[in-house]
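1. Show me how the following folds:
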Amino acid sequence: MEEQRILLKEMAYMLEHQDMLSKLTESVCLDEYGYSETHCIDSIGRQEQPNVTKIAEQMKMTRGAISKMTKKLADRGLIEKYTLESNKKEVYFKLTAQGMELFKEHEKRHRLWEKRDMEFLSRYPKEELCVLIQFMKEFNEYLELEIDKYTRHEKK
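-> Predicted coordinates for the structure are as follows:
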């Protein structure tokens, strides 16, 4: 039981430290955007003809949450809506020049983060990393189920 508490505490410290390090190393232009907003911009920048449904699926969020977020990002001049000549009903999103700047900055930060942390992880043998990978996969599945419980509850 004590080991479980210690593990949860260490996981919380890790998340806090990752967040702090991100704030220290990221460019000023990302400071005013939250995690979800930055990843929504990333999703739009990576997808071909991204719409609310595609973004929601990739980010594992509700369409309603993505609709609110894309409206906010459009209001801030980071993305814009467009439709295809062949289908005026379906709304898609693309990055503006300002949104593309954020996309590139996020991509750069992600590469630096990966390089930095890969150096640390290289200290561990493959077998130990496999145990950690399995743990993280199972823990993330558990968290997704918990999120589903709350999102279903909110819809009622």
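2. domain assignment for the protein?
-> Listed by automatic domain parsing, the domain ranges of the chain are 2-123, 125-156.
3. between the ones you listed, which has the poorest average model confidence?
-> Mean pLDDT values for the domains of the chain show the minimum at domain 125-156, a mean of 87.
4. returning to that earlier point: just say which of the domains of the chain is most tucked in.
-> domain 2-123 (a mean of 14; mean count of other CB atoms under 10 Å). Where C-beta positions appear, they are placed from N, C-alpha and C, glycine not excepted.
5. Now do the end-to-end distance for it.
-> End-to-end distance of domain 2-123 (CA to CA, to the nearest Å): 27 Å.
6. cool, stretch 115-129 as well?
-> 17 Å.
7. Other residues contacting that stretch?
-> residue 132 (CB atoms under 8 Å, 6 or more residues apart in numbering).
8. Please apply the same query to stretch 52-69.
-> The contact list for stretch 52-69 (CB under 8 Å, 6+ apart) reads 36-37, 39-40, 43-44, 47, 70, 91, 93, 144, 147, 151.
9. What's the end-to-end length of that stretch?
-> The straight-line separation of the ends of stretch 52-69 (CA to CA) is 10 Å.
10. where's stretch 109-119 relative to the chain centroid, distance-wise?
-> When C-alpha coordinates are averaged (CA atoms, centre = their mean, to the nearest Å), stretch 109-119 and its chain have centres 16 Å apart.
11. measure residue 145 to residue 132 for me?
-> When distance is defined by CB to CB, to the nearest Å, residue 145 is 21 Å away from residue 132.
12. all helices of the protein, in order?
-> Applying DSSP state H to the chain gives helices spanning 2-25, 35-46, 52-59, 63-75, 97-121, 126-155.
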